[in-house]
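In: Dropping the sequence and predicted coords here.
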Amino acid sequence: MNEDHLQDEELRRLAGRLGSEAAERLNVDRLASAVVTRLQSDTRPGRPAPRWWSQPGWLRAAAAILLLAGGGILLRQTTGVTHQAHYVADDLQDLSADQLREVLGALDQTLAEPAAIEPSDDDLEGLTTEQLEQLLQSLEG
Amino acid sequence: MPPAEPAARQTDDVELIAAWQAGDERGARELVTRHARALARFLSGAGAPEADLDDLVQETFIRAFRAIGRFRGQCQFRTWLLTIGGNALKDLGRRLARRRVVPIDDQLAARDGDPHQRAEAGEVEERLRSGLGRLPRMQREVFLLRAQQGLEYTEIAAALDTSAGAARVHYHHAVRRLKEWLE
């Protein structure tokens, strides 16, 4: 060990002791309480909010989604347009001429049967007893 | 030289930070309890007046918790905390200088408390403290982080946003100048 090395060690030892007494006099428990109290009353910009959905951005996004969904439902109800018609049309295009004739025949038969049409309350009032019995029998199968 | 913090302590600190961010105040309390004395030693060595030491430690923790989102684990939490303490001390020096119109270093080097306690601290220690007060801030902080806190150059460099080589140069400049004052 040369003299410089010894001096370095002495310097480090002195530096290690520096401020030790002042640090020992610190009331750490009281200090911790004071820091926590200040943090509790703080807006804490560096601390993320635990509830992400309470953020204004998320609330705005949720409101926009609700508006879009509600508007879509309202549009479908008022215009009566549904995508089901497109699906049926697509299916029919795949059928052959014979298959189409079968479908049309079945449709005619269905329309010709009175029980196939759901009667309204007004129609029921106009039926005779016999007609009502027939209707009930057809509904029972 | 005091040993640097083990890796397990760093993991614990990160968990405590996460706990506090999730709303558990005990995380903050434990971090203060764990690092307050080391921070006080660093600040005292860097020239903090003893009368202001308690407030300065508290202010440093508040600043650290407010800026915790910027802590990416580039260094240990304690090292990061000490650099924030260095900034808080610098701001205190400015405030004192404006208020009392005296040189910053003289203010920071001023000692309060019982003269007998100061005498007990030892003449060499007082000279070291005085010498540290005359060093440029970077040299002073690098010296304290290395000699007092026992940190590696890579750790010091990460905390002070410099290279390990530059940190080593700052340290050796500080040692050379302190030896001159102490001899």
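Out: Great, that's in hand. Numbering: from 1, shown residues only, chains lettered A, B, ... in the order given.
In: For the rest of this, base every contact and every neighbour count on C-alpha atoms.
Out: Fine.
In: Can you show me the helices along chain A?
Out: A:3-17, A:20-24, A:28-40, A:56-79, A:84-93, A:97-112, A:121-125, A:129-140 (DSSP state H).
In: Which one of the ones you listed has the poorest average confidence?
Out: Of all the helices of chain A, the minimum mean pLDDT falls on helix A:84-93 (a mean of 56).
In: tell me the domain boundaries of chain A?
Out: A:3-44, A:55-94, A:95-141 (automatic domain parsing).
In: Show me which residues of chain B are close to chain A?
Out: Within reach of chain A by C-alpha under 8 Å from any C-alpha of the partner chain, chain B has these residues: B:1-2, B:21-23, B:25, B:28-30, B:32-33, B:36-38, B:40-45, B:50, B:54, B:58, B:61-62, B:65-69, B:125, B:128-129, B:144, B:147-149, B:175, B:179.
In: try 7 Å this time
Out: By C-alpha under 7 Å from any C-alpha of the partner chain, the residues of chain B that approach chain A are B:1, B:21-22, B:25, B:28-29, B:32-33, B:36-37, B:40-41, B:44-45, B:50, B:54, B:58, B:62, B:66-69, B:125, B:144, B:147-148.
In: Okay, and which of those residues map to helices?
Out: Checked against DSSP H, those include these in helices: B:21, B:25, B:28-29, B:32-33, B:36-37, B:40-41, B:44-45, B:50, B:54, B:58, B:62, B:66, B:125.
In: Now restrict the residues you listed to buried residues only.
Out: Among these, those classed as buried by 16 or more other C-alpha atoms under 10 Å in any protein chain shown are B:21, B:25, B:28-29, B:32-33, B:36-37, B:40-41, B:44-45, B:50, B:54, B:58, B:62, B:66, B:125.
In: Next, give phi and psi for residue A:95.
Out: With angles defined as degrees, to the nearest 10, residue A:95 sits at phi -80, psi 150.
In: mind checking how far it is from chain B?
Out: 62 Å (C-alpha to the nearest C-alpha, to the nearest Å).
In: Look up how far residue B:67 lies from that residue.
Out: 69 Å (C-alpha to C-alpha, to the nearest Å).
In: higher neighbour count, those two?
Out: Neighbour tally, residue A:95 and residue B:67, criterion other C-alpha atoms under 10 Å in any protein chain shown: the higher count belongs to residue B:67, 15 against 12.
In: per-residue pLDDT, that one?
Out: 93.
In: Point out where chain B drops to low pLDDT.
Out: By pLDDT under 70, the low-scoring segments of chain B are B:1-11, B:99-121.
In: residue contacts, the residue nearest to the spatial centre of it?
Out: Chain B has residue B:42 as the residue nearest its centroid, 3.5 Å off, counting by C-alpha atoms, centre = their mean. Residue B:42 sits next to residue B:144 when contact means C-alpha atoms under 7 Å, 6 or more residues apart in numbering or on different chains.
In: now do 8 Å
Out: A:19, B:82, B:144-145, B:148-149 (C-alpha atoms under 8 Å, 6 or more residues apart in numbering or on different chains).
In: repeat for residue B:32
Out: Contacts of residue B:32 by C-alpha under 8 Å, 6+ apart are A:28, A:31-32, A:35, B:61.
In: ditto for residue B:128
Out: With contact set as C-alpha under 8 Å, 6+ apart, residue B:128 has these partners: A:14-15, B:178, B:181-182.
In: Any buried residues in the helix or strand where it lies, and which?
Out: The secondary structure element spanning residue B:128 is helix B:123-134 (assigned by DSSP states H and E). Going by neighbour count (16+ other C-alpha under 10 Å), the buried part of helix B:123-134 is B:125-126, B:128-134.
In: Could you identify the most distant pair in those residues?
Out: B:125 and B:134 (14.4 Å; C-alpha to C-alpha).
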